[in-house]
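Colleague: Got a predicted structure here, sequence first:
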Amino acid sequence: MKKNMNKVRFALIGAAGFIAPRHMKAIKETGNDLIVMLDPCDSVGVIDSYFPDADFFTEPERFDRHIDKLRRQGEKKIDYISICSPNYLHDAHIRLTLRNDAHAICEKPLVLNPWNVDALDEIEKETGKKINVILQLRLHPVIQELKKKISESSQNKIYDIDLTYITSRGRWYFYSWKGDIIKSGGVATNIGVHFFDVLTSIFGDVEQSTVHFSDQKTVAGFLYLKNARIRWLLSLDFELLPDEIKARGQQTYRSLTLDGKEIEFSEGFTDLHTVSYKKILEGDGFTVHDARPGIRIAYEIRNALPSGLKGDYHPFLQKIMRK
């Protein structure tokens with residue numbers, strides 16, 4: 001007797017990472033099957049909460065062989081491979097996915113460099129398989145309401161925005177691949193690309209970009225978009241957290257102000273991957289073209305020479321200067 005004939009069959013690369021359980025949850029909540037997973041780290045007990053019967057590999061060669069074997073068995077082939085691996089491996093794992101006749105679902109950032117997007121675009125056309133990008137912040141109800149509000153207002157209005165995102169990380173971070181700019185893309189890419197993606201999707205293309213400050217923990221600058229002037233700061237530094245956040249024992253501070261008014265979107269993140277998967281399975285996922293602007297901004301910030309505290313800089317930078 002054939003089992004699960006109506007379920008979409010998934011594989012997942014990067015099962016031990018922070019974000020992988022949200023993908024497992026999304027696959028489960030959309031009523032589908034996770035058949036096989038890959039991670040060089042075998043601390044993956046979280047799998048038991050979602051798909052305890054899934055096969056698991058720690059070596060990519062054996063994973064690739066297994067996926068290929070399933071593909072050759074016709075009805076057992078994998079339909080989608082979800083990619084949660086370190087950022088610098090996304091490109092290679094997308095290629096592995098498409099070569100195995102499956103669609104890709106890739107975590108942020110899709111790739112580290114703009115020219116990598118062009119190459120993936122070509123491979124997508126060659127294989128006829130789709131690369132879906134997780135840009136879940138665009139699906140947050142508050143962000144969608146903001147986008148609607150801006151699109152209905154005057155096309156000539158320029159908004160003043162302050163973006164502050166501080167998510168403190170300990171020393172481990174800088175010993176991991178996330179602390180290696182070659183592998184993660186650095187702070188602007190690893191924790192900032194979602195914000196750059198959302199802001200350009202709402203306020204238009206970049207007309208000017210300045211980086212005021214950049215080190216291993218913090219990067220800050222100014223973006224002039226078609227309809228917004230944005231002072232932004234991204235940081236992993238606990239010392240930059242506002243005192244009231246520290247007093248509450250919190251490690252993260254997220255603030256977005258529009259013309260001086262706070263846009264509250266601190267909640268509502270945990271289900272956005274499930275929403276993303278529903279849209280992907282309906283054929284309405286975000287594409288490589290959707291991801292391109294955010295990747296380009298993050299790349300240019302990563303390679304910019306900081307100007308110092310000149311012009312319209314983020315006020316939190318004064319804290320760094322007082323250290």
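Modeller: Cool, got the structure.
Colleague: in the chain, which residue is closest to the centre?
Modeller: residue 108 (2.5 Å; C-alpha atoms, centre = their mean).
Colleague: Please compute how far stretch 91-98 lies from its chain's middle.
Modeller: Chain-centre distance of stretch 91-98: 17 Å, with C-alpha atoms, centre = their mean, to the nearest Å.
Colleague: same question, stretch 45-56
Modeller: Per C-alpha atoms, centre = their mean, the centroid offset for stretch 45-56 relative to its chain is 24 Å.
Colleague: Okay, buried residues for it please.
Modeller: The neighbour-count check on stretch 45-56 (16 or more other C-beta atoms under 10 Å) flags 47, 50, 51, 54 as buried. In short, each C-beta sits where N, CA and C put it, glycine included.
Colleague: Likewise for stretch 56-69?
Modeller: For stretch 56-69, the neighbour count (16+ other C-beta under 10 Å) marks 57, 60, 63, 66, 67 as buried.
Colleague: any weak-confidence spans in this protein?
Modeller: For the chain, the stretches with pLDDT under 70 are 1-5, 323.
Colleague: For it, just list every one of the helices.
Modeller: Assigned by DSSP state H, the chain shows helices spanning 20-29, 60-72, 90-99, 114-127, 141-151, 172-175, 181-184, 186-190, 193-203, 243-247, 272-281, 288-302, 317-322.
Colleague: would you put the C-alpha positions of stretch 206-225 in PDB?
Modeller: What follows is stretch 206-225 as a C-alpha-only set of coordinates in PDB (Å, rounded to 0.1, in the frame of the first residue of the first chain):
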ATOM      1  CA  VAL A 206      18.600  53.100  -3.100                       C
ATOM      2  CA  GLU A 207      19.700  56.500  -4.400                       C
ATOM      3  CA  GLN A 208      22.500  57.000  -1.800                       C
ATOM      4  CA  SER A 209      24.200  54.900   0.800                       C
ATOM      5  CA  THR A 210      26.700  55.900   3.400                       C
ATOM      6  CA  VAL A 211      28.400  53.800   6.100                       C
ATOM      7  CA  HIS A 212      29.300  55.800   9.200                       C
ATOM      8  CA  PHE A 213      30.800  53.000  11.300                       C
ATOM      9  CA  SER A 214      31.700  49.400  11.000                       C
ATOM     10  CA  ASP A 215      33.400  46.800  13.200                       C
ATOM     11  CA  GLN A 216      33.000  43.100  14.000                       C
ATOM     12  CA  LYS A 217      30.000  43.800  16.200                       C
ATOM     13  CA  THR A 218      28.300  46.900  14.900                       C
ATOM     14  CA  VAL A 219      27.600  48.600  11.500                       C
ATOM     15  CA  ALA A 220      25.600  51.800  11.000                       C
ATOM     16  CA  GLY A 221      24.900  54.200   8.200                       C
ATOM     17  CA  PHE A 222      22.400  56.200   6.200                       C
ATOM     18  CA  LEU A 223      20.200  55.100   3.200                       C
ATOM     19  CA  TYR A 224      18.500  57.500   0.900                       C
ATOM     20  CA  LEU A 225      15.700  55.600  -0.800                       C
END
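Colleague: Buried ones in that stretch, by neighbour count?
Modeller: Buried residues in stretch 206-225 (16+ other C-beta under 10 Å): 206, 209-214, 217-223, 225.
Colleague: Pull the most distant pair out of the residues you listed.
Modeller: Spatial extent of these (C-beta to C-beta) is set by the pair 217 and 225 at 25.7 Å.
Colleague: Figure out how far stretch 49-68 is from the centre of its chain.
Modeller: Centroid separation for stretch 49-68 versus its chain: 23 Å, with C-alpha atoms, centre = their mean.
Colleague: Figure out which of the helices of the chain is closest to residue 165.
Modeller: helix 193-203 (6.4 Å).
Colleague: what helices or strands is that closest one leaning on?
Modeller: Applying 3 or more C-beta pairs under 8 Å, 6 or more residues apart in numbering; DSSP states H and E, we find helix 193-203 packed against helix 141-151, strand 159-167, strand 218-225, strand 228-235, helix 288-302.
Colleague: want to try a markdown table for those, with distance to residue 260 as columns?
Modeller: Output for the helices and strands packed on helix 193-203, formatted as a markdown table (distance: least, C-beta to C-beta, whole Å):
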| stretch | distance to residue 260 |
| --- | --- |
| helix 141-151 | 15 |
| strand 159-167 | 7 |
| strand 218-225 | 17 |
| strand 228-235 | 12 |
| helix 288-302 | 24 |
